[in-house]
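Engineer: Need coordinates for the following:
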Amino acid sequence: MASKKNHMHSSTSLKRLVDQYINDRFKIWFRVEKQFIDLRAMSLNYTNGEIPLDDISKLHQLVNNIEITDPPYDPELEGIVQFAWVTWAELYLNPVFQRDSSPNQHLKIKNDFEHTSVIVPCALKLDGKYFIWDGHHTLQTLKTKNYTKYPIWFIDGDQISDKDAYEKGFPDKIKYLIWLAGTNMKRINLQNKLKLSNYDAYMISVDIEDPKFVAMDRILHNAGFEAKRKATGYAKSKYLPFTQVNSGMEIYEILDSNQMPGTYLKRSLEFHKQTWPNSAAVLEIWRPVARICANADIQGLTLDQQFFIDLGNELKSLYGDPDTAQERLKTSLQDAIKNHQFNGAPQDHDQWRMHDAIINLYNQRVGKIVLPTAQCQWKVI
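Structural biologist: Presented below is the predicted three-dimensional model:
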């Protein structure tokens, strides 16, 4: 449905409008920005967490400064877009407005197939044939699952006349419909598709009680952290932000000597919280510490509480906050490489470069425990 867009608010006036709107209508505050609305926090204002779409719509209209002015429109009665169950013989493809077919993508969908997760394919209907412009690989998967009818959301080309096409600047309706299908295909797959973020995928996994994600989330909370989309703007939360959920799961899945996951994520986050009680989790601090813990276990070394206290004290005394610490440690390696003042081979990835940097820092300034040797050695300070 089209809408009229007014002059945009400044970011400051928009924030005031949104804050006032939330304060007037909701008991529990939640974050609203142009990029996202925190629906999990918003849901706390409703019985059973069930949010009417209309309430979300009003927030979208407020944030985007949109006023709905179009007359009511019933697509079931008035629209050229309709739904149908069709047979396989009625389905066609015109490569002008479709991407090349990928057997690999077909197999990927088939291997993870679930009947309840089928997205309805889209097509252009013309002279009794349905020309697919989105969802071709889904249909190929349904065929290999022996479906006898296929769900199709289609543009009814038979309702378009040459006169309609001419008024839109096209010589005939075929040219217009081909343009429309191709443009829609790009709209859906290139221009307007919002990719599922790592944060959203993680939170969905927690909320549907996937055991692995629930266990990781419990580790985060017990250490004083909570998965967040951003590292700032959560002063009202009792937890510190943790934004690196994919890296967190990667570390969580490393098994300890008892074949248990989560040990090294737990140790590294507890170290981070103990060292910087008010800081969001900084990836290139907690992740290399987790790697050091894992490698120490492999070599039979015990990293006691004093180790973590000594390491944290050195990092704080030298650099202050964790962001500065990781930046300065990275810079020390860059300087060593530039001046040819290192031994061994510098690592390719930041997490391993920081792994070596922290080992070198500890060995040079504390040295109470002989840590596993860093692949690249240089004078950190």
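
Engineer: Export stretch 252-265 to CSV, keeping only CA atoms.
Structural biologist: C-alpha atoms of stretch 252-265 as CSV (Å, rounded to 0.1, in the frame of the first residue of the first chain):
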residue,chain,number,x,y,z
TYR,A,252,31.4,-22.4,23.0
GLU,A,253,31.7,-25.5,20.7
ILE,A,254,35.4,-26.1,21.6
LEU,A,255,35.4,-29.2,23.8
ASP,A,256,37.4,-29.3,27.0
SER,A,257,39.4,-32.3,28.3
ASN,A,258,36.1,-33.8,29.5
GLN,A,259,34.5,-33.4,26.1
MET,A,260,32.3,-30.7,27.4
PRO,A,261,31.5,-27.4,25.5
GLY,A,262,31.4,-23.9,26.9
THR,A,263,34.3,-24.1,29.3
TYR,A,264,36.6,-21.7,27.5
LEU,A,265,33.8,-19.2,26.7
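
Engineer: How about residues contacting that stretch?
Structural biologist: Residues outside stretch 252-265 that contact it (Cβ atoms under 8 Å, 6 or more residues apart in numbering) are 212, 215-216, 219, 248, 251, 290-291, 293-294, 297. C-betas here are computed from N, CA, C, even on glycine.

Engineer: Tell me how far the closest residue to residue 170 other than its chain neighbours lies from residue 99.
Structural biologist: What sits nearest to residue 170 in space, not counting adjacent residues and going by Cβ to Cβ, 6 or more residues apart in numbering, is residue 176, at 3.9 Å. Per Cβ to Cβ, to the nearest Å, residue 176 is found 21 Å from residue 99.

Engineer: Those two: which is more packed in?
Structural biologist: residue 176 (21 against 13; other Cβ atoms under 10 Å).

Engineer: Phi, psi for the more buried one please.
Structural biologist: phi -70, psi -50 (degrees, to the nearest 10).

Engineer: just residue 242 next, same as before
Structural biologist: phi -130, psi 110.

Engineer: What is the burial count for it?
Structural biologist: Residue 242, neighbours per other Cβ under 10 Å, totals 26.

Engineer: which ones are touching the nearest residue to it once chain neighbours are set aside?
Structural biologist: Excluding the flanking residues, the one nearest residue 242 by Cβ to Cβ, 6+ apart is residue 225, at 4.0 Å. The neighbours of residue 225, taking Cβ under 8 Å, 6+ apart as the test, are 239-242, 269, 273, 281.

Engineer: now swap in residue 287 and tell me
Structural biologist: 244, 247, 251, 268, 351, 354.

Engineer: Now name the helix or strand holding the second one.
Structural biologist: It stands for residue 247. Using DSSP states H and E, residue 247 sits within helix 245-252.

Engineer: and if you look at the last one?
Structural biologist: Assigning secondary structure by DSSP H and E places residue 354 in helix 350-365.

Engineer: which helices and strands sit right next to whatever helix or strand comes next after that helix?
Structural biologist: Later in the chain than helix 350-365, the nearest helix or strand by DSSP H and E is strand 376-377. In terms of contacts (3 or more Cβ pairs under 8 Å, 6 or more residues apart in numbering; DSSP states H and E), strand 376-377 is packed against strand 343-344, helix 350-365.

Engineer: what's the neighbour count on residue 375?
Structural biologist: 15.

Engineer: shaky segments in the stretch 151-300 of the chain?
Structural biologist: 234-235 (pLDDT under 70).

Engineer: can you map out the strands along it?
Structural biologist: 225-227, 240-242 (DSSP state E, counting those that start in this stretch).

Engineer: Output those as JSON lines; include the columns distance to residue 167.
Structural biologist: Shown next, in JSON lines, are the strands of the stretch 151-300 of the chain (distance: least, Cβ to Cβ, whole Å):
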{"stretch": "strand 225-227", "distance to residue 167": "52"}
{"stretch": "strand 240-242", "distance to residue 167": "54"}
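
Engineer: Could you point out which of those sits nearest residue 47?
Structural biologist: For those, distance to residue 47 was read as Cβ to Cβ. The smallest value, 24.0 Å, belongs to strand 225-227.

Engineer: Please identify the residue most distant from the middle of this structure.
Structural biologist: Most distant residue from the mean C-alpha position of the chain: residue 163, 45.5 Å away (Cα atoms, centre = their mean).

Engineer: what's the distance between that residue and residue 82?
Structural biologist: 21 Å.

Engineer: do residue 132 as well
Structural biologist: Counting by Cβ to Cβ - residue 132 and residue 82 are separated by 15 Å.

Engineer: neighbour-wise, which of the two wins?
Structural biologist: Using other Cβ under 10 Å as the criterion, residue 132 and residue 82 rank with residue 132 on top: 25 against 14.

Engineer: tally of neighbours for residue 309?
Structural biologist: Neighbour tally, residue 309, other Cβ under 10 Å: 13.

Engineer: again with the one 4 residues further on
Structural biologist: Burial measure for residue 313: 13 neighbouring residues, criterion other Cβ under 10 Å.

Engineer: The closest residue to it other than its chain neighbours and residue 288: what is the separation?
Structural biologist: Residue nearest to residue 313 in three dimensions, not counting chain neighbours: residue 275, with 8.0 Å by Cβ to Cβ, 6+ apart. Look at residue 275 and residue 288: by Cβ to Cβ, they are 13 Å apart.
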